[in-house]
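> Below is the structure, and that's it, no one-letter string:
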């Protein structure tokens, strides 16, 4: 990606993000809580479009991530070394018609036990927007087309590893599709998924018989029951007041969550009763955090620097007494 393209990308993000509050959630408190040994493990190259958007972890602690602006999938070793796995094809028009943002971007990522990686790609074009599959030693392949006027964002693997759930931040829809690919089905179009002008439904995780989804604009964390026959139940608001909430992970303690708040530049610990505490902020090195992952006691936080335009990175920490 050229330096001119990066400048255009940053300008688009700055204008769009101006609609979001930069204040911390009303029920948050100063940084404290369950995280220790906080450190920046890896720094990325902003000029090359290395804005990390989403993350999935391998059993050995290796992280597979998406770089939004460079359209890439990368692997970060436990020692912090970055290796590019694939670059998704650029749209013929440069992606200028990508909804809201105006540039093509790689977003959600998931991995199945056989090592297959799934990635979402938004381009504003019908030939490329959708779900892509990466298999070792093979070129990326689109296996499910999604609407070009939408913005596929969050990607969650079902509990049995046979199905994927996809949030669309522009269309306010959750799509579902088998891991083998095919035509996606609109699983939920509940109003709780809608945006209020920027981005709505965002992060997604399957947990205890439900799909949990964040809404960045509305500042909510939703729980959508997965009914028999893979039908969507009515969304339940589990936490609110967190405008800018992006992706998240469960701590392993019931329904407790660690969530990235992009514009407020924080990571919050959300308890089962919906109250939250800020556990990381800019003083820890956050630069517009986008996603959080957990393996054992090890916490991984990606920062994309979308609006700070400084030091996109991978932060590592330890989660204390999480079981």
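Received, thanks. Treat the numbers as computed from the prediction; the structure is a model and nothing was measured.
> hey, let's count contacts and neighbours off CA atoms from now on
Noted.
> Report the buried residues of stretch 285-300.
Buried residues in stretch 285-300, counted by 16 or more other CA atoms under 10 Å: 285-295, 298-300.
> chain center to it, what's the gap?
11 Å (CA atoms, centre = their mean, to the nearest Å).
> end-to-end on it?
13 Å (CA to CA, to the nearest Å).
> ok, now stretch 214-234?
Start-to-end, stretch 214-234 (CA to CA) is 15 Å.
> which parts of that stretch are buried?
Within stretch 214-234, the residues scored as buried using 16+ other CA under 10 Å are 214-226, 232-233.
> so where is the stretch 1-150 of the chain shaky, pLDDT-wise?
Applying pLDDT under 70 to the stretch 1-150 of the chain flags the ranges 1-32.
> Kindly reformat the buried residues of stretch 285-300 as a markdown table containing pLDDT and distance to residue 53.
Below are the buried residues of stretch 285-300 laid out as a markdown table (pLDDT from 0 to 100; distance: CA to CA, whole Å):
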| residue | pLDDT | distance to residue 53 |
| --- | --- | --- |
| 285 | 97 | 16 |
| 286 | 98 | 13 |
| 287 | 98 | 12 |
| 288 | 98 | 10 |
| 289 | 98 | 8 |
| 290 | 98 | 6 |
| 291 | 98 | 7 |
| 292 | 98 | 10 |
| 293 | 98 | 12 |
| 294 | 97 | 16 |
| 295 | 95 | 18 |
| 298 | 97 | 19 |
| 299 | 98 | 16 |
| 300 | 98 | 12 |
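> closest to residue 307 among those?
Distance to residue 307, by CA to CA, is smallest for residue 288 among the buried residues of stretch 285-300, at 7.0 Å.
> Distance-wise, check residue 87 relative to residue 292.
For residue 87, the distance to residue 292 - CA to CA - is 23 Å.
> swap that for residue 239, please
From residue 239 to residue 292 the distance is 17 Å (CA to CA).
> name the helices or strands packed onto whichever strand or helix holds residue 42?
Per DSSP states H and E: residue 42 is located in strand 35-43. The contact analysis (3 or more CA pairs under 8 Å, 6 or more residues apart in numbering; DSSP states H and E) places strand 35-43 against strand 313-319.
> Tell me how far the strand it packs on lies from the chain's centre.
With CA atoms, centre = their mean, you get 16 Å for strand 313-319.
> That strand vs strand 35-43, what angle?
Angle, strand 313-319 to strand 35-43, by axes from the mean of the first three to the mean of the last three CA atoms, to 10 degrees: 160 degrees.
> when you give positions from now on, start the count at 37
Yes, from this point I'll number from 37; that puts the last item at strand 349-355.
> Confirm residue 203 sits in a helix?
No. Counting by DSSP: H, G, I helix; E, B strand; the rest coil, residue 203 is located in no helix; its state is strand.
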